[in-house]
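Participant: I'd like to go over a predicted model; first the sequence, then the structure.
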Amino acid sequence: KFALRICFKLFSLQCEQIIQHLNHTIPGVNTAELCQRMQTSGIEINVGDLEKIANIISFLFSTAARNSLSTEELVTTLGNAVSTLPKHAVQVIRHVWNERGKSINVSEDSRSMATVGQFVDIKWKLGVAVSSDSCRSLKYPYVTVMLKVADPSGQITDKSFEMTIPQFQNFFRQFKEMAAVLETV
């Protein structure tokens, strides 16, 4: 029962984050973090399944907002469409929609803008490759860049890549050019 309570508490948190994402107050739903929290609580689930759930709930909430459904209309429609949904999950959806559903603003502009991902965070580190199987002494510096990006559906993913120092200098030069152009706008 404890694990089930934790599961629905985290499901509620996921629903809240989806509402925030639909309102453009957060860039996306961090399903990897939620998955890790669930697994730590003893709930067996993988990130892919949690992403599918997030996509379904996001579709459900955005469709309900577009059609201006009341809480009862949403729950009735959900009950007619999905008979296998656990009662507690329906209660969570009902509660979140009742509390926050009216705040969703689904406009044509926001839907057309949601076709590209959104930058969330960047981290970097400088490293030096000291040796490899084929070379005893490399002393090869590199920069590792780790990006957090929210895709159009709101799923946050991590992307990382390495660059040589000349590649990084070119990358940096391009960012400086973008900053200079932005200052003129």
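Facilitator: Happy to help now that I have it.
Participant: for the rest of this, base every contact and every neighbour count on C-alpha atoms.
Facilitator: Fine.
Participant: can you list the domains in this protein?
Facilitator: Listed by the TED database, the domain ranges of the chain are 1-103, 118-183.
Participant: reformat these as TSV; add mean neighbour count.
Facilitator: What follows is the domains of the chain, written out as TSV (neighbours: other Cα atoms under 10 Å):
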stretch	mean neighbour count
domain 1-103	16
domain 118-183	13
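Participant: in a markdown table, list those domains along with mean pLDDT.
Facilitator: As requested, these are exported to a markdown table (pLDDT from 0 to 100):
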| stretch | mean pLDDT |
| --- | --- |
| domain 1-103 | 84 |
| domain 118-183 | 82 |
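Participant: am I right that Gln20 is in contact with Ile26?
Facilitator: Yes. Shown here, Gln20 and Ile26 form a contact pair, counting by Cα atoms under 8 Å, at 5.8 Å.
Participant: joint contacts of the two?
Facilitator: Counting by Cα atoms under 8 Å, 6 or more residues apart in numbering, Gln20 and Ile26 have no common neighbour.
Participant: doesn't Val145 lie inside a helix?
Facilitator: No. According to DSSP: H, G, I helix; E, B strand; the rest coil, the state of Val145 is strand, so it is not within a helix.
Participant: which ones are touching the residue lying closest to it once chain neighbours are set aside?
Facilitator: On the basis of Cα to Cα, 6 or more residues apart in numbering, the spatially nearest residue to Val145 that is not a chain neighbour turns out to be Trp124, at 4.4 Å. Neighbouring residues of Trp124 by Cα under 8 Å, 6+ apart: 143-146.
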